[in-house]
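> Sequence and predicted structure are below.
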Amino acid sequence: MEYYHVVFTLPAPISAIAWYNKRVIYGLLFDIAAETLRTIAADPKHLGADIGATLVLHTWGSALTHHPHVHGIVPGGGLSATGDRWIACRPGFFLPVRVLSRLFRRRFLEALMDAHQRGWLQFFGEYAQLADRAIFAQWLAPLRASEWFVYAKRPFAGPEAVLAYLSRYTHRVAIANQRLLAFDGRSVRFRWKDYREKGRTRYKAMTLESGEFMRRFLLHVLPGGFHRIRHYGLLANPVRRANLAKIRTLLGVGPKLSPSPHDAVIVDRPT
């Protein structure tokens, strides 16, 4: 079975207000990304199946900037509406990213407007005026026409590759120790990757004053008790074991013949 890697990213303006509203906006990012995947997958024009997904939240770019996005690990198929048949996606192709992007954009903006109307959002400084409902709606308007970044990477090489990915990234922090190059008491020098460039020139070094380095690092501290690994659909915690047993039966696969990354206990430590 193939496993697909899908990334959903928030546009910069929403990232700017997410810093003051982490629990609400990060929660919406998780739930709307999962809803988008399941809605498009359930459409008979695409897959016509109920799927599962494991989503992992990252909030940083390589230079420690605030860049909230979720990485989705999704098996390449799902159960039929009747639950008695496994429907596999086409080899090498999961779901159309443009369709995913458009639905994600629409549903996220609807949910964000609803959160505003319920009084769940806070605004400070240059964004204080967005507390007004009409001004907030006007501020959102350009985002309804812009392209939102949804990216489907090539399938993982196999279940072992998925496990390797999860083991590397599920509890990763904003910067790994090996990227730190020097500290002279006043500034920190570290390696970063400039994704706008190709080849070896994308690997660069940056020096930040220590206070600015700490400010950027602390941008990525999550609210207390917030889970940054979440499972949805067929892989949701209450139903995962039963669904995996059913899928193995439908595929005629014993539990030990083909290791599944979802057999592993993936524990999310609240951060």
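Perfect, thanks for sending it.

> hey, where'd the strands end up in the stretch 151-271 of the chain?
180-183, 187-193, 203-209, 229-233 (DSSP state E, counting those that start in this stretch).

> Now do the shortest one: distance to the chain's middle.
From the chain centre to the centre of strand 180-183 is a distance of 29 Å (C-alpha atoms, centre = their mean, to the nearest Å).

> sorry, back to before: now tabulate the strands of the stretch 151-271 of the chain in a markdown table and tack on mean pLDDT and mean neighbour count.
In short, each C-beta sits where N, CA and C put it, glycine included. Formatted as a markdown table, the strands of the stretch 151-271 of the chain follow (pLDDT from 0 to 100; neighbours: other C-beta atoms under 10 Å):
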| stretch | mean pLDDT | mean neighbour count |
| --- | --- | --- |
| strand 180-183 | 92 | 12 |
| strand 187-193 | 92 | 17 |
| strand 203-209 | 92 | 13 |
| strand 229-233 | 95 | 21 |
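
> Any idea which helix or strand in this structure has the lowest mean pLDDT?
Ranked by mean pLDDT, DSSP states H and E, the weakest helix or strand in the chain is helix 159-169, scoring a mean of 74.

> Of the strands of the stretch 151-271 of the chain, which is nearest Ala164?
Among the strands of the stretch 151-271 of the chain, the nearest to Ala164 by C-beta to C-beta is strand 229-233 (15.8 Å).

> Identify the residue nearest the geometric centre of this structure.
In the chain, the centroid-proximal residue (C-alpha atoms, centre = their mean) is Val70; its distance is 0.9 Å.

> rewinding a little: which other helices and strands does the least confident helix or strand of the chain contact?
Judged by 3 or more C-beta pairs under 8 Å, 6 or more residues apart in numbering; DSSP states H and E, the packing partners of helix 159-169 are strand 3-9, strand 52-60, strand 66-75.

> For the first one, give the mean pLDDT please.
If you average the pLDDT over strand 3-9, you get 93.

> and after it, which helix or strand comes next?
helix 12-18 (DSSP states H and E).

> Output that next one as CSV, nothing but the C-alphas.
In CSV, the C-alpha atoms belonging to helix 12-18 read as follows (Å, rounded to 0.1, in the frame of the first residue of the first chain):
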residue,chain,number,x,y,z
ALA,A,12,1.1,34.8,5.7
PRO,A,13,-1.7,37.2,6.8
ILE,A,14,-3.5,34.5,8.7
SER,A,15,-0.1,33.3,10.2
ALA,A,16,0.3,36.9,11.5
ILE,A,17,-2.9,36.8,13.6
ALA,A,18,-2.4,33.1,14.5
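
> That one: what's the following helix or strand?
helix 22-42.

> show me where pLDDT drops low in the protein?
Within the chain, the set of residues satisfying pLDDT under 70 comprises 169-170, 255-271.

> is it true that the residue nearest to the centre of the chain touches Ala53?
No - counting by C-beta atoms under 8 Å, Val70 does not reach Ala53; the two are 9.6 Å apart.

> what residues go with each domain of this structure?
Using automatic domain parsing, the domain parsing of the chain gives 3-174+222-263, 176-218.

> Now do the end-to-end distance for stretch 143-151.
18 Å (C-alpha to C-alpha, to the nearest Å).

> again but with stretch 227-242, I slipped
Stretch 227-242 has an end-to-end distance of 23 Å (criterion: C-alpha to C-alpha).

> show me what contacts Tyr3?
By C-beta atoms under 8 Å, 6 or more residues apart in numbering, the contact set of Tyr3 is Ile73, Val74, Pro75, Gly76, Pro155, Phe156, Gly158, Pro159, Ala161, Val162, Pro261.

> those helices in the stretch 151-271 of the chain, which residues are they?
Here the stretch 151-271 of the chain has its helices, by DSSP state H, counting those that start in this stretch, at 159-169, 210-218, 240-251.
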